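A.B. asks: Structure of the sequence below:
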Amino acid sequence: MSVLFITGTGTEIGKTVTTAAVAAAESARGRSVAVLKPAQTGVAPGEPGDAAEVARLAGPGVTTAELARYPEPLAPDTAARRAGMPTLRPYEIAEAAAKLATEHDLVLVEGAGGLLVRFDEAGATLADAARAAGAPMLVVARAGLGTLNSTALTALALRTMDIACAGVVVGSWPAEPDLASRCNLEDLPESAGAPLLGLVPEGSGALAPETFRTQAPGWLAPRLGGTWQG
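C.D. replies: Residues are numbered from 1 along each chain as shown. Prediction:
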């Protein structure tokens, strides 16, 4: 697995912090890692975006890249249209990932929002880019009530498009999980049709970068470079 796409079952669920954790864990075991953020929305020129946050947490040894940046915090297609800027095509994302893969052991491609958020006027999504790249998709999910449905819907869309689901990571695991969250640990793999590959603790993004890098492998399964055993 040289290229891994990362999506969420929605927005604000810990996708960027999960991406940083995977990058940190893989880097700790000696792999060269690049993180590609195809479309960054909601930031002005010169402002740090998700790629910069990954670099801050995972370390300066991680290569980061963006393909497009739009000022309003909207879906990439909508943000591009409102800004009068070009949209991204799936093949452009796949080609950029493939180029990075020639120089790195692992390329992580972090999407915007959920799997079927539109990237262009034709309705292309991150799933189309992953299919063009022939790469699997890691799904970042919420911990609590409602996550089984959104995870199952995301997994269904992946199967429909013949994209392999690498697994599921809970992007913000609470310090005091409620009953639904605890039960979901057993049920998420069935909803996803793929293994549970980690729990990223709530608030991990606020850790000092050195602490984040030290702890990240313990949040993730060996398949993602970590030591977490479930």
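
A.B. asks: where does residue 166 fall, helix, sheet strand or coil?
C.D. replies: Following DSSP: H, G, I helix; E, B strand; the rest coil, the label given to residue 166 is strand.

A.B. asks: That one and residue 138 touch, don't they?
C.D. replies: Yes: here residue 166 reaches residue 138: they are 4.7 Å apart, a contact under Cβ atoms under 8 Å. The C-beta positions use only the backbone N, C-alpha and C, and glycine is treated the same way.

A.B. asks: Of these two, which one has the most company?
C.D. replies: Taking other Cβ atoms under 10 Å, residue 166 and residue 138 do not tie; residue 138 has more neighbours (27 against 22).

A.B. asks: In stretch 138-151, which residues are buried?
C.D. replies: Neighbour counts using 16 or more other Cβ atoms under 10 Å place 138-144, 147-148, 150-151 of stretch 138-151 among the buried residues.

A.B. asks: Equivalent analysis for stretch 176-187, please.
C.D. replies: Buried residues in stretch 176-187, defined by neighbour count with 16+ other Cβ under 10 Å: 177, 181, 184.

A.B. asks: From residue 46, how far out is the closest residue to the last one other than its chain neighbours?
C.D. replies: With sequence-adjacent residues excluded and distances taken as Cβ to Cβ, 6 or more residues apart in numbering, residue 184 is closest to residue 147, at 5.7 Å. The spacing between residue 147 and residue 46, counted by Cβ to Cβ, to the nearest Å, is 36 Å.

A.B. asks: Please apply the same query to residue 176.
C.D. replies: In this structure, residue 176 and residue 46 are 39 Å apart, going by Cβ to Cβ.

A.B. asks: Export only the CA atoms of stretch 99-106, formatted as PDB.
C.D. replies: This file holds the C-alpha atoms of stretch 99-106, laid out as PDB (Å, rounded to 0.1, in the frame of the first residue of the first chain):
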ATOM      1  CA  LYS A  99       4.100  11.400  -8.500                       C
ATOM      2  CA  LEU A 100       4.600  11.600  -4.700                       C
ATOM      3  CA  ALA A 101       4.600   7.800  -4.400                       C
ATOM      4  CA  THR A 102       7.700   7.700  -6.700                       C
ATOM      5  CA  GLU A 103       9.600   9.500  -3.900                       C
ATOM      6  CA  HIS A 104       7.900   8.300  -0.700                       C
ATOM      7  CA  ASP A 105       7.100   4.900   0.900                       C
ATOM      8  CA  LEU A 106       3.500   6.100   1.700                       C
END
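
A.B. asks: Tally up the residues packed near residue 24, please.
C.D. replies: The tally of other residues near residue 24 (other Cβ under 10 Å) stands at 27.

A.B. asks: all numbers from here: first residue = 18
C.D. replies: Fine by me, first position is 18 from now on; the one you just mentioned is residue 41.

A.B. asks: hey, where'd the strands end up in the protein?
C.D. replies: Assigned by DSSP state E, the strands in the chain fall at 20-25, 50-58, 80-87, 123-131, 154-158, 182-190, 213-218.

A.B. asks: and the direction of the first one versus that of strand 50-58, what angle?
C.D. replies: Relative orientation of strand 20-25 versus strand 50-58 (axes from the mean of the first three to the mean of the last three Cα atoms, to 10 degrees): 40 degrees.

A.B. asks: now strand 20-25: how far from the chain's centre is it?
C.D. replies: With Cα atoms, centre = their mean, to the nearest Å as the basis, strand 20-25 stands 5 Å off its chain's centre.
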